[in-house]
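[1] Just to be clear, the model below is a prediction. Sequence and coordinates:
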Amino acid sequence: MIFLTRKAEFSSAHFYWNDSWTQEENERVFGKCANRNGHGHNYTLEVTVAGEVDPVSGFVVDLKELKDILEREVVSVYDHRHLNYEVPEFKATIPTTENIAVAIWRRLDGRIPNAKLHRVRVYEMPDLFADFYGESTYE
Amino acid sequence: MSEARPIASLSRRYHFSASHRLHTEAYDAERNRAVYGKCNNPHGHGHNYVVQVTLRGPVDAETGMVCNLADLDAFARTNLLEPFDHTNLNTLSCFADAVSTTENLAIEIHRIFANCPHARLERVHIEETGNNSFDLSGGRSPALFFMS
């Protein structure tokens, strides 16, 4: 099994807000991130896929094809957009780094030929990132 | 039944600068020099350390977070940056009887963040320089390796 990681970048605006809370409560929990005018980041996405090396091509996946999938499924939807207003999965879900990683997993899972999605890592900035491996729990 | 909640990991990198000297009373001067080389310089030397802590848990349905970053940063400021930044590691109580290697530093920092009340610690990764890094995983902190 070989793990292969491809990076992509997108720049987006967002803010954190829970509609069921008061303004004070949102500001207390989310601080500056609750500013309704939004703010933005240069996000870096790292997608790791796992698979076996094809004996003929020598590839796990065709990197160009993986690049095109990331572009089509994620970058073209997120880049230079306001995540809260323009990306459907964040209409009712706060676009935290954790939730962005989960959303990207759901966009990519099952769409990569010949390889299994292993990890989605999203850097909001170089000192902060979230990882998602597709795991979930029932309460 | 409530909905399944995704389990994610959040990693945050902190930076501090400190001096240290690798030396153990268990060895004589010659053996200290042989084992620790330049790091045994009696006057010490220093590094810009990077500490990357990874916390893991369910993404909270109300906040969308594994851990509130403001809480984590406040914890790190009080328990990591204030005690360690711009210090000589050898003068700190945790290194009174243990060599200030980055392995031992990782154990001490793992112990600190294992007590962070905001989320479960998954991993501590420390970069001593751009070329050396150390990782410690798991929820339980090992004991510091004390000099015999």
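    That came through fine. Computed from a predicted structure; not experimentally measured.

[2] what ranges do the helices span in the chain?
    I went with chain A, as the question did not name one. For chain A, applying DSSP state H gives helices covering A:23-30, A:63-70, A:76-78, A:83-86, A:97-108.

[3] Correction: the question concerned chain B.
    B:29-36, B:69-76, B:82-84, B:102-114.

[4] can you list contacts of stretch B:123-139?
    B:47-54, B:102-103, B:105-107, B:109-110, B:113-114, B:120-122, B:142 (C-beta atoms under 8 Å, 6 or more residues apart in numbering or on different chains). Heads up, the C-betas are built off the backbone N, CA and C, glycines and all.

[5] okay, now the residue found closest to B:Ala61 once you drop the neighbours it is linked to in the chain: neighbour count?
    In space, B:Ala61 comes closest to B:Arg5 once its chain neighbours are excluded; the distance is 6.4 Å by C-beta to C-beta, 6 or more residues apart in numbering or on different chains. Burial of B:Arg5 is recorded as 17 neighbouring residues (other C-beta atoms under 10 Å in any protein chain shown).

[6] any idea how far B:Ala74 is from B:Arg5?
    25 Å (C-beta to C-beta, to the nearest Å).

[7] same question, B:Ser133
    26 Å.

[8] Any idea which residue of chain B lies closest to chain A?
    Chain A sits closest to B:Gly64 of chain B, with a gap of 3.6 Å, by C-beta to the nearest C-beta.

[9] Which stretch among the helices of chain B approaches A:Arg81 most closely?
    helix B:69-76 (22.9 Å; C-beta to C-beta).

[10] residues contacting residue 90?
    Just so you know, I chose chain A. Here A:Phe90 is in contact with A:His14, A:Leu83, A:Asn84, A:Asn99, A:Ala103 (C-beta under 8 Å, 6+ apart).

[11] was after chain B, sorry
    B:His20, B:Arg21, B:His23, B:Gly44, B:Ser100.

[12] Could you rerun that using 6 Å?
    B:His20, B:Arg21, B:Ser100 (C-beta atoms under 6 Å, 6 or more residues apart in numbering or on different chains).

[13] Now, those that are in strands?
    B:His20 (DSSP state E).

[14] now the contacts of B:Asn90 in CSV, with neighbour count, pLDDT and distance to B:Glu82?
    Listed next are those as CSV, based on neighbours: other C-beta atoms under 10 Å in any protein chain shown; pLDDT from 0 to 100; distance: C-beta to C-beta, whole Å:
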residue, neighbour count, pLDDT, distance to B:Glu82
B:His20, 24, 97, 18
B:Arg21, 18, 97, 22
B:Ser100, 23, 97, 18
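
[15] Compile the contacts of B:Asn90 into a markdown table and extend it with columns for distance to chain A.
    Formatted as a markdown table, the contacts of B:Asn90 follow (distance: C-beta to the nearest C-beta, whole Å):
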| residue | distance to chain A |
| --- | --- |
| B:His20 | 23 |
| B:Arg21 | 29 |
| B:Ser100 | 24 |
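
[16] Throw the contacts of B:Asn90 into CSV and include distance to B:His86, thanks.
    Output for these, formatted as CSV (distance: C-beta to C-beta, whole Å):
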residue, distance to B:His86
B:His20, 12
B:Arg21, 16
B:Ser100, 15
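
[17] most packed of the helices of chain B?
    Greatest average neighbour count among the helices of chain B goes to helix B:102-114 (a mean of 21), per mean count of other C-beta atoms under 10 Å in any protein chain shown.

[18] what's in contact with that one?
    B:51, B:53, B:79, B:94, B:98, B:121, B:124, B:126, B:128, B:134, B:136, B:141-142, B:144.

[19] Of these, just the buried ones, ChimeraX syntax please.
    Buried residues within those, by 16 or more other C-beta atoms under 10 Å in any protein chain shown, are selected in ChimeraX with:
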select /B:51,53,94,98,121,124,126,128,134,136,141,144
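
[20] so where do the strands sit in chain B?
    B:5-20, B:45-58, B:87-88, B:120-129, B:132-137.

[21] List the neighbouring strands of the shortest one plus their orientation.
    The strands that strand B:87-88 pairs with in its sheet are strand B:5-20 (parallel) (by DSSP bridges).

[22] where does the chain have low pLDDT?
    In the absence of a named chain, chain A is used. Counting by pLDDT under 70, chain A has low-confidence residues at A:138-139.

[23] could you do chain B instead?
    Within chain B, the stretches with pLDDT under 70 are B:1-2, B:139-140, B:143-148.
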